[in-house]
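Trainee: Provided below for reference: sequence and predicted model.
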Amino acid sequence: MADGPRYQRIADLLREEIRNGTWKPGDRLPSHNELADQMQVSITTARNAIQVLVAENLLYTATSRGTIVRSQEVLESVVTNHIRPDRPKSAHDIFSETARAAGREPSKQFSARMEPAGADVAHWLGIPRDSWVVARTVLQYLDNEPWSWEVSFYPRDLAEATGIDFPHDIPEGTTRRLADRGHPETAHRDTVVARPATAEEAAVLGVGTGTMLLDHLRIGANEERITRVTRHRSIAARNRLAYELGDDDGTDVIRRTLGTPHPPGNSHSFGNSLVPGSP
């Protein structure tokens, strides 16, 4: 190993092993104790070496599984797909559709609660501050890897009228639930900002504090009211957002030119791809 602090030299060795394929995405690395024994260093030195690679988004830690090698692929999500009129009926939400079309296995952890609207949420929903809202939180995974963190807020009366206050996940997604219950979203405003992860976001997503995230805020509405606001946070280096606007014929020309794959059964439902990332 090259000169430098021992933890850095161990990190350099592990990084090279990840890049040359000795350790593949999804592989579990030795525990801190095992790594310390193998390298004849202290547990603190081994832990510091692992943290270097966590900060570089090469590894993540899972409480029940240890230290895992991250995928270096980039997931492209066409964020206009969920409102396409010819999107086929499905029992899965748009994240699951996107993941499966890209050959990845999605899963998620869900929670919901009633809470008073803070200043930002009240402003976005156009309701008085401290009004009751339903907050639905989903931590999304690809192949068991923490991928994105999504929190959606709904006015209490609308949530109760459409069953979104149901304290469990809605497999088909809340956009479809709203539409099925007579409140289809007909307009959206999206804002996307790249910024460093806070300590809380880093802990949830298994990345180092300061890792660049995509913070995607979507406000949905119909002709009568704001229906919801969704805040979706994901690792910037592993996600790419695309918008498809215009008619189906033109969209098909773009997709054919770019080589974007179409899922079977419907040529206009959504477009997703995985491209190699840079470790």
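Mentor: Sure, I can see it.
Trainee: And the pLDDT at the nearest residue to L53 once chain neighbours are set aside?
Mentor: Of all residues not flanking L53 in the chain, L59 sits nearest, at 4.5 Å (C-beta to C-beta, 6 or more residues apart in numbering). Yep, even glycine has a C-beta here, placed from its N, CA and C like the rest. We note a pLDDT of 93 for L59 in this prediction.
Trainee: Enumerate every residue touching L59.
Mentor: 29, 50, 53, 67-70 (C-beta atoms under 8 Å, 6 or more residues apart in numbering).
Trainee: quick one: which of the residues you listed sit in strands?
Mentor: Counting by DSSP state E, the part of those found in strands is 67-69.
Trainee: now, which of the residues you listed sits nearest T209?
Mentor: Comparing the ones in strands among the contacts of L59 against T209 with C-beta to C-beta places T67 closest, at 17.3 Å.
Trainee: If I follow the layout properly, the closest one ends up in contact with R28?
Mentor: Yes: the criterion here is C-beta atoms under 8 Å, and T67 meets it with R28 at 6.8 Å.
Trainee: Between the two, which is the more surrounded one?
Mentor: Higher neighbour count among T67 and R28: T67, with 22 against 12, using other C-beta atoms under 10 Å.
Trainee: Show me what the more buried one bridges to in the sheet.
Mentor: T61 (DSSP bridges).
Trainee: before we move on, what about P106?
Mentor: Here P106, judged by DSSP bridges, has bridge partners L142.
Trainee: Neighbours of it, how many?
Mentor: Count around P106 with other C-beta under 10 Å applied: 18.
Trainee: Over to the one 10 residues further on?
Mentor: Neighbour count of P116, defined by other C-beta under 10 Å: 12.
Trainee: Spit out the contact partners of L139.
Mentor: L139 neighbours (C-beta under 8 Å, 6+ apart): 108-109, 146, 148-150, 204.
Trainee: Quick check: which element contains it?
Mentor: Assigned by DSSP states H and E, L139 belongs to strand 132-142.
Trainee: Would you mark the buried spots in stretch 132-146?
Mentor: Buried residues in stretch 132-146, counted by 16 or more other C-beta atoms under 10 Å: 133-143, 145-146.
Trainee: Can I get those residues in JSON lines including pLDDT and distance to A197?
Mentor: Shown next, in JSON lines, are the buried residues of stretch 132-146 (pLDDT from 0 to 100; distance: C-beta to C-beta, whole Å):
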{"residue": "V133", "pLDDT": "98", "distance to A197": "25"}
{"residue": "V134", "pLDDT": "97", "distance to A197": "26"}
{"residue": "A135", "pLDDT": "97", "distance to A197": "20"}
{"residue": "R136", "pLDDT": "96", "distance to A197": "21"}
{"residue": "T137", "pLDDT": "96", "distance to A197": "17"}
{"residue": "V138", "pLDDT": "93", "distance to A197": "18"}
{"residue": "L139", "pLDDT": "94", "distance to A197": "14"}
{"residue": "Q140", "pLDDT": "93", "distance to A197": "16"}
{"residue": "Y141", "pLDDT": "92", "distance to A197": "17"}
{"residue": "L142", "pLDDT": "90", "distance to A197": "18"}
{"residue": "D143", "pLDDT": "89", "distance to A197": "21"}
{"residue": "E145", "pLDDT": "90", "distance to A197": "16"}
{"residue": "P146", "pLDDT": "91", "distance to A197": "12"}
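Trainee: Look up phi and psi at P196.
Mentor: Main-chain dihedrals, P196, degrees, to the nearest 10: phi -70, psi 150.
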